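Peer 1: Build me a model:
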Amino acid sequence: MQLKKLSIRPIKILGGLVAIVYPIAVFVALQHNFSVRTLGLILLCIMLLVMAWRRQIWMGILGVLLMIQAIILDQEIFLKLYPVFMNLAVCVMFAFSLKDVPLVEKIAKKMKYEMDDNARRYARRLTIAWAMFMAFNTFASLLTVFMSDWVWTLYNGLISYCLIGMMMLIEYFVRARVINANK
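Peer 2: Numbers count the residues shown, from 1 in each chain. As a prediction, the model looks like this:
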């Protein structure tokens, strides 16, 4: 069991690293006239490797389909659409979880938090907030696809991550306040 965990760790790191540096790698490659097909093939191989080891098939399929389109059609727009579809996938995860147990509640339970009625209401509201935030992020990311490479990279490689971090930070302070108000 320990050996399996050790062998998966580098793949998880690779997957996380690719997700974080993806916009910058695409920007640099496009600015240096790197072939869209070659870049798409490299990214496709990395995505397939990560999918195989992490077993996150449904999100990975979106990326794989985009890379295949980039390779076949030799069009950079398919490389630029990747962050759009990843934001959309996360948005859909949050939104569809509202039909049953909200995603934030599931995460809280996995982290061994006690979930009383107030906590469940808060988790539902937070799940709605995250779904709305990710819908905004999806839309903003889509707009940048049709802008310059620099604007696309700036938003998808920096601003988007800063906004997610700010959302997490704000939620942390709101949660601390809500918990203290309920004591």
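Peer 1: What about Ile61, how many residues nearby?
Peer 2: Using other C-beta atoms under 10 Å, the number of residues around Ile61 comes to 14. C-beta here means a position set from N, CA and C on the backbone, and glycine is covered the same way.
Peer 1: go on, Pro23?
Peer 2: 25.
Peer 1: Now do it against Leu98, distance only.
Peer 2: 29 Å (C-beta to C-beta, to the nearest Å).
Peer 1: for Leu81, same thing?
Peer 2: 26 Å.
Peer 1: So which of the two has more stuff around it?
Peer 2: More crowded of Leu81 and Leu98, by other C-beta under 10 Å: Leu81, with 21 against 13.
Peer 1: Okay, and the nearest residue to that one once chain neighbours are set aside sits in which element?
Peer 2: Once flanking residues are discounted, Leu81 sits nearest to Leu66: 5.6 Å by C-beta to C-beta, 6 or more residues apart in numbering. Here Leu66 sits within helix 57-73, counting by DSSP states H and E.
Peer 1: next structured bit after that helix?
Peer 2: Next along from helix 57-73, by DSSP H and E: helix 77-80.
Peer 1: and the helix or strand immediately after that following helix in the chain with helix 57-73, angle?
Peer 2: Later in the chain than helix 77-80, the nearest helix or strand by DSSP H and E is helix 82-97. Helix 82-97 and helix 57-73 meet at an angle of 150 degrees, taking axes from the mean of the first three to the mean of the last three C-alpha atoms, to 10 degrees as the criterion.
Peer 1: just use 312 as the starting number from now, easier for me
Peer 2: All right, first residue 312 from here; so that's helix 393-408.
Peer 1: Now helix 393-408 - C-alpha only, PDB.
Peer 2: Extracted C-alpha coordinates of helix 393-408, given in PDB (Å, rounded to 0.1, in the frame of the first residue of the first chain):
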ATOM      1  CA  TYR A 393      -8.500  24.200 -21.600                       C
ATOM      2  CA  PRO A 394      -8.800  26.600 -18.700                       C
ATOM      3  CA  VAL A 395     -12.300  27.500 -19.800                       C
ATOM      4  CA  PHE A 396     -13.400  23.800 -19.700                       C
ATOM      5  CA  MET A 397     -11.600  23.100 -16.400                       C
ATOM      6  CA  ASN A 398     -13.400  26.100 -14.700                       C
ATOM      7  CA  LEU A 399     -16.700  24.900 -16.200                       C
ATOM      8  CA  ALA A 400     -16.100  21.400 -15.000                       C
ATOM      9  CA  VAL A 401     -15.500  22.700 -11.400                       C
ATOM     10  CA  CYS A 402     -18.600  24.900 -11.700                       C
ATOM     11  CA  VAL A 403     -20.700  22.000 -12.800                       C
ATOM     12  CA  MET A 404     -19.400  19.900  -9.900                       C
ATOM     13  CA  PHE A 405     -20.400  22.500  -7.300                       C
ATOM     14  CA  ALA A 406     -23.800  23.200  -9.000                       C
ATOM     15  CA  PHE A 407     -24.800  19.600  -9.500                       C
ATOM     16  CA  SER A 408     -23.900  18.600  -6.000                       C
END
